[in-house]
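1. give me the fold of what follows.
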Amino acid sequence: MHRLMRAALRPVTYSRWVHLCVPILMLAVWMFIGPEAPWVPVLLVIPLGLLPWMRLAEGLQAQFLLSPPARGPGATPEPEEHGFSAVASKKWSDRWRTLLWLEIRLVFSLVTLMVSVWLPVLTVDLITAALSGRVGAKSVLPFTPPSWAAWLLAPVPLVLLLVLVIKLGEVITVIGRRLLGPTAAERVSALELRTEQLLERTRIARELHDSIGHALTVAVVQAGAARAAGDPEFTDRALSAIEETGRAALEDLERVLLVLRESGRRPSQRPTLAEADRLLESARASGAAVDAQLIGPLDQLPGPVTQEGYRILQEALTNVLRHCGPVPVRVRIGMVADRLDLEVTNPLPDRPTVMAGSGTGLRGMRERAALLGGEAETGPYQGGWRVRARLPLERIR
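-> As a prediction, the model looks like this:
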């Protein structure tokens, strides 16, 4: 009883009822045209079911009426794998399934028509019998029940109607998911699209973390050093460094936000290792003594390698400034055989805040390298800290 009451309060119960009644409109029109041949609509739906766009129309109708999306606070949307396909038929198997679905809809519509008319009429007859003590000539009751019995039985047909509507709606929904559900190819395509979206979101999150995190770290270190120094000339240099770093961060932020605003667009003009001097100068301006050695034509590196390498270098320098302060940093970047080697080492202070293997930035560096088929190592090294990345070149080319 509790389940019945809960189903009676759900809007989807009545939207499914509407779905069950829609084919009645076609049947009603035909009864005016050819009432002597009520079986003709069963034949008329055959050419309709074989039309490719009919599957699209039935899928959309099923989505909105049989399984409408959840709304409101705390609503949980229905899983996509249990939904309905909303594309035109591409194969004959899809057309035959659509045709079978249309025939089943006609049958369910006839059943719904009978129960939706006959059961309320039965309730009206019972109420009439309870009030007058007799039944009319066209009553569906075979006999006149006692007045008290008529009053007790009057709600029963309506309750039965509600139960039948709920059950018919549930059954037609299950059948619809089998006949109008996405095919295996459509499921794979949807899964691939979902995977691409998740990867894109993860990549954008890494971009924001690296660029904005680097800019804020440089700004904090520069501001702290300028305040401690008390030297107007040093303060002027610090403000210039903060301005330059902030401007570069704003450009990165605008580029990423443009991608978010325009669906399907990929980031362009991402910084590369050819601009590594900008990172090195920013670290030097923050007080770090950077010993850099760049070997090879870095401006000729493949796009993915040079872009991800730039971000790895940026995150490595950011971690040095954030956790160790203005300490000496050794940077080595070079093309070795068929790979790019990137190494950043620095000494650790007495109480470092860097923890091996933890932090979003360290995980992001390893993810960037792994996406290119390479590897990145982070951890203690000879009493200091080292970030080392190896990015393959041949498979990228």
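
2. could you pull out the helices for the chain?
-> 2-8, 11-33, 40-49, 52-65, 92-132, 147-153, 155-179, 184-229, 232-261, 276-285, 303-319, 360-371 (DSSP state H).

3. okay, now residue 202: neighbour count?
-> Neighbours of residue 202 under the rule other C-beta atoms under 10 Å: 13. For the C-beta atoms, the positions are set from N, CA and C on the backbone; glycine is no exception.

4. where does the stretch 251-397 of the chain have low pLDDT?
-> By pLDDT under 70, the low-scoring segments of the stretch 251-397 of the chain are 256, 258-269, 351-359, 395-397.

5. which one of the helices of the chain lies nearest to residue 340?
-> helix 303-319 (5.7 Å; C-beta to C-beta).

6. packing partners for that closest one?
-> helix 184-229, helix 276-285, strand 329-336, strand 339-347, helix 360-371, strand 384-392 (3 or more C-beta pairs under 8 Å, 6 or more residues apart in numbering; DSSP states H and E).

7. okay, that helix in PDB with CA atoms only?
-> C-alpha atoms of helix 303-319 as PDB (Å, rounded to 0.1, in the frame of the first residue of the first chain):
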ATOM      1  CA  GLY A 303      53.800  20.500 -29.600                       C
ATOM      2  CA  PRO A 304      52.500  18.100 -26.900                       C
ATOM      3  CA  VAL A 305      56.000  17.500 -25.500                       C
ATOM      4  CA  THR A 306      57.100  21.100 -25.300                       C
ATOM      5  CA  GLN A 307      53.800  22.300 -23.900                       C
ATOM      6  CA  GLU A 308      53.600  19.600 -21.200                       C
ATOM      7  CA  GLY A 309      57.300  20.100 -20.500                       C
ATOM      8  CA  TYR A 310      56.700  23.800 -19.900                       C
ATOM      9  CA  ARG A 311      54.000  23.000 -17.300                       C
ATOM     10  CA  ILE A 312      56.100  20.400 -15.600                       C
ATOM     11  CA  LEU A 313      59.000  22.900 -15.300                       C
ATOM     12  CA  GLN A 314      56.500  25.600 -14.100                       C
ATOM     13  CA  GLU A 315      55.100  23.400 -11.400                       C
ATOM     14  CA  ALA A 316      58.600  22.200 -10.300                       C
ATOM     15  CA  LEU A 317      59.800  25.900  -9.800                       C
ATOM     16  CA  THR A 318      56.500  26.800  -8.100                       C
ATOM     17  CA  ASN A 319      57.000  24.000  -5.600                       C
END
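
8. and that helix, what's buried?
-> 305-319 (16 or more other C-beta atoms under 10 Å).

9. weakest of the helices of the chain by average pLDDT?
-> The weakest mean pLDDT among the helices of the chain belongs to helix 184-229, with a mean of 71.

10. quick one, phi/psi of the closest residue to residue 393 other than its chain neighbours?
-> Counting by C-beta to C-beta, 6 or more residues apart in numbering, residue 338 is the residue found nearest to residue 393 once chain neighbours are left out, at 5.2 Å. Taking degrees, to the nearest 10, you get phi -110, psi 30 for the backbone angles of residue 338.

11. so residue 338 touches residue 374, yeah?
-> No. In this structure, residue 338 is not within contact of residue 374 by C-beta atoms under 8 Å, at 11.0 Å.

12. which one's more surrounded, these two?
-> residue 374 (24 against 11).

13. ok, that one - contacts?
-> 339, 389, 390, 391, 392 (C-beta atoms under 8 Å, 6 or more residues apart in numbering).

14. which two in these are spaced the farthest apart?
-> 389 and 392 (11.0 Å).

15. how near is the residue nearest to residue 393 to residue 316?
-> 23 Å (C-beta to C-beta, to the nearest Å).

16. check residue 362 too.
-> In terms of C-beta to C-beta, residue 362 sits 9 Å off from residue 316.

17. of the helices of the chain, which approaches residue 140 most closely?
-> helix 92-132 (5.6 Å).

18. summarise which helices and strands the closest one is packed against.
-> By 3+ C-beta pairs under 8 Å, 6+ apart, helix 92-132 packs against helix 11-33, helix 40-49, helix 52-65, helix 147-153, helix 155-179.

19. looking at the ones you listed, which is buried most?
-> Highest mean neighbour count among the helices and strands packed on helix 92-132 (mean count of other C-beta atoms under 10 Å): helix 52-65, with a mean of 19.

20. other SSEs contacting it?
-> helix 11-33, helix 92-132.
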